[in-house]
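>>> Here is a sequence together with a model predicted from it:
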Amino acid sequence: MTRLSGNQRSQYVQGMFARIAHRYDLMNRLMTAGQDIRWRRDAVRLAGLQPGDRLLDIGAGTGDLAREALRQQPRCQPVAADFTLEMMRAGRHRRSSAVRLWASADALHLPFADASFDAVISGFLLRNVVDLPLALKEQRRVLKPGGRWVSLDTTPPRRNLTYPMVRFHLSRVIPMLGRLLTGHRDAYTYLPDSTESFLTAEQLCALLQDETFREISFRRYMLGAIALHWGRK
């Protein structure tokens with residue numbers, strides 16, 4: 001699947017998320033042993049939201065980051081945007097959802113004016129886009145000057161003593177869970193494939209510098225298989 005490119009890959013990813021939308025949140029909790037809740041909490045904290053701030057959660061899926069933003073700063077104004085309607089429908093139907101603004105949006109062509117948001121955040125989006133530099137340009141475009149940018153995503157695990165254990169979890173445990181809980185093993189085979197073929201945390205930092213983000217940094221989680229990046233416009 002990761003060998004697909006352009007529109008073919010975009011359509012595959014969209015269809016894949018549509019198929020697993022009803023079990024997406026449960027799978028996230030199981031795959032990460034619930035750690036993804038803390039990662040999202042850290043990501044939103046790094047966005048430094050103030051009362052009245054407008055936040056774009058791009059690739060929002062079911063809106064977990066937008067909900068966490070409202071938990072941390074109830075007076076912020078999050079917009080949850082995604083290009084898979086089934087994912088957003090699953091998020092809107094959750095009883096705990098306080099997110100009011102949802103938008104159908106392609107990460108490569110954001111339907112928002114320049115300098116519209118105080119912060120832009122994404123969770124597990126970047127490795128799925130077909131043109132990463134363009135996606136970053138779009139996110140920077142809609143940020144206000146000095147606006148805060150945060151991304152949580154998988155990253156190729158480092159080849160150290162823990163690598164075999166991480167690789168086993170990604171390539172064996174996650175596809176098995178995906179088959180049992182969603183009936184779509186291929187969607188959770190895509191996860192390790194797309195992780196291994198994505199940029200390293202250091203390479204993503206270099207690309208952010210190329211796109212003129214500043215104050216860039218990152219931290220790793222889950223034995224190096226997850227990275228949280230942040231910066232400013």
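All right, it came through fine. The structure displayed is predicted, hence computed values, not measured ones.
>>> What segments of the chain are strands?
54-58, 77-82, 101-104, 117-123, 143-154, 214-221, 226-232 (DSSP state E).
>>> which helices and strands does the longest one pack with?
In other words, strand 143-154. In terms of contacts (3 or more CB pairs under 8 Å, 6 or more residues apart in numbering; DSSP states H and E), strand 143-154 is packed against helix 35-46, strand 117-123, helix 185-197, strand 226-232. Every C-beta, even on glycine, is put in place using the N, C-alpha and C of the backbone.
>>> What pairs with it, parallel or antiparallel?
Strand 143-154 has the following strand partners under DSSP bridges: strand 117-123 (parallel), strand 226-232 (antiparallel).
>>> highest average neighbour count across those strands?
strand 117-123 (a mean of 26; mean count of other CB atoms under 10 Å).
>>> what's that one in contact with?
Applying CB atoms under 8 Å, 6 or more residues apart in numbering, the contact partners of strand 117-123 are 40, 43-44, 47-50, 53-61, 64-65, 69, 79, 107, 139, 142-144, 147-153.
>>> show me the contacts for Q77.
Taking CB under 8 Å, 6+ apart, we find Q77 in contact with G52, D53, R54, L55, L101.
>>> who wins for neighbours among those residues?
L55 (27 neighbours; other CB atoms under 10 Å).
>>> Look up the pLDDT of the most far-flung residue of the chain relative to its centre for me, please.
Here the centre of the chain is the reference, and by CA atoms, centre = their mean the most remote residue is L161, at 27.3 Å. Predicted confidence (pLDDT) for L161: 83.
>>> Ok, the one 3 residues further on next?
At P164 the predicted local distance difference test score is 85.
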